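Visitor: Need coordinates for the following:
(chains A and B)
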Amino acid sequence: KQEVTQIPAALSVPEGENLVLNCSFTDSAIYNLQWFRQDPGKGLTSLLLIQSSQREQTSGRLNASLDKSSGRSTLYIAASQPGDSATYLCAVRQGGSEKLVFGKGTKLTVNP
Amino acid sequence: DAGVIQSPRHEVTEMGQEVTLRCKPISGHNSLFWYRQTMMRGLELLIYFNNNVPIDDSGMPEDRFSAKMPNASFSTLKIQPSEPRDSAVYFCASSPTVGGASYGYTFGSGTRLTVV
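Guide: Next up is the predicted model:
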């Protein structure tokens, strides 16, 4: 059974700092991995999608990497801003299945 | 595109009452998912449909829960009778599957259900 773990559960950084969020998964037979952002009381917003054949994806200040063999992904946020404060969720889609398995998220606070 | 649309946004009901949550997926997306989010358990998949057919309902907690997708543009999740432990945020999501390749999910804004 696939399990997704995100460490740390919470992170507080000063504005302008570069930071890395970690995601690990137990079964490397994934189809793709997706990073989401969730603001308090809101839905999930997709940030980046990495197919299993890819190593990384970039969007603006965000960069996500995938190492399928070791079961790890990282989300790098450059020059963090207070508006980046949110919970970041990692989710993997298994090969042969449509469903996503989510981690419990990392709550990020960027202090002005 | 208006995205995935869920209604209602908030629902407060008394224990024992029937609750119906609604979802309109993005046009052209042929996979639809119902998730439940709680503080304790995070996001859990309840059921998903592909081309309007239920594929995996192993996450549906009890017989009190049922889901339907009568057509490609509408799905419902029904709880009857509701219990306080059903209180959670329920999300609907949709995804396209193109030529056998799956793409990312798009989530709705969720329905916050409170059962008192």
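
Visitor: Any part of whichever strand or helix holds B:Y48 near chain A?
Guide: Secondary structure assignment for B:Y48, by DSSP states H and E: strand B:42-50. Yes - judged by CB under 8 Å from any CB of the partner chain, strand B:42-50 and chain A are in contact via B:G42, B:L43, B:L45, B:Y48, B:N50. Every C-beta, even on glycine, is put in place using the N, C-alpha and C of the backbone.

Visitor: Equivalent analysis for stretch B:27-40, please.
Guide: Yes - using CB under 8 Å from any CB, stretch B:27-40 reaches chain A at B:S31, B:F33.

Visitor: can you tell me the distance between the two ends of that stretch?
Guide: 33 Å (CA to CA, to the nearest Å).

Visitor: cool, stretch B:53-61 as well?
Guide: 19 Å.

Visitor: Provide the contact partners of that stretch at residue level.
Guide: Contacts to stretch B:53-61, defined as CB atoms under 8 Å, 6 or more residues apart in numbering or on different chains, come from residues A:S97, A:E98, A:K99, B:E44, B:L45, B:L46, B:I47, B:Y48, B:F49, B:S66, B:A67, B:M69.

Visitor: which among those residues end up buried?
Guide: Neighbour counting with 16 or more other CB atoms under 10 Å in any protein chain shown marks A:S97, A:E98, A:K99, B:L45, B:L46, B:I47, B:Y48, B:F49, B:A67, B:M69 as buried within those.

Visitor: Tell me how far the helix or strand harbouring A:T74 lies from the chain's centre.
Guide: Assigned by DSSP H and E, A:T74 belongs to strand A:72-77. With CA atoms, centre = their mean, to the nearest Å as the basis, strand A:72-77 stands 6 Å off its chain's centre.

Visitor: so what secondary structure elements neighbour that strand?
Guide: If contacts are counted by 3 or more CB pairs under 8 Å, 6 or more residues apart in numbering or on different chains; DSSP states H and E, strand A:72-77 sits against strand A:19-25, strand A:30-38, strand A:44-51, strand A:62-67, strand A:86-94.

Visitor: Contact residues of chain A facing chain B?
Guide: Counting by CB under 8 Å from any CB, chain A comes close to chain B at A:31-32, A:34, A:36, A:41-46, A:49, A:89, A:91, A:93, A:97-105.

Visitor: one step back: what angle do strand A:30-38 and the strand holding A:T74 make with each other?
Guide: 30 degrees (axes from the mean of the first three to the mean of the last three CA atoms, to 10 degrees).

Visitor: What strands line up against strand A:72-77, and which way round?
Guide: Sheet pairing for strand A:72-77, assigned by DSSP bridges, gives strand A:19-25 (antiparallel), strand A:62-67 (antiparallel).

Visitor: Those strands: which one's closest to B:R85?
Guide: B:R85 lies closest, by CB to CB, to one member of the strands paired with strand A:72-77: strand A:19-25, at 28.6 Å.

Visitor: buried ones in the closest one?
Guide: A:L19, A:L21, A:C23, A:S24, A:F25.

Visitor: before we move on, what about stretch A:25-45?
Guide: For stretch A:25-45, by 16+ other CB under 10 Å, it's A:F25, A:I30, A:Y31, A:N32, A:L33, A:Q34, A:W35, A:F36, A:R37, A:Q38, A:G43, A:L44.

Visitor: Then stretch A:91-100?
Guide: Residues of stretch A:91-100 classed as buried: A:A91, A:V92, A:R93, A:Q94, A:S97, A:E98, A:K99, A:L100 (neighbour count, 16+ other CB under 10 Å).
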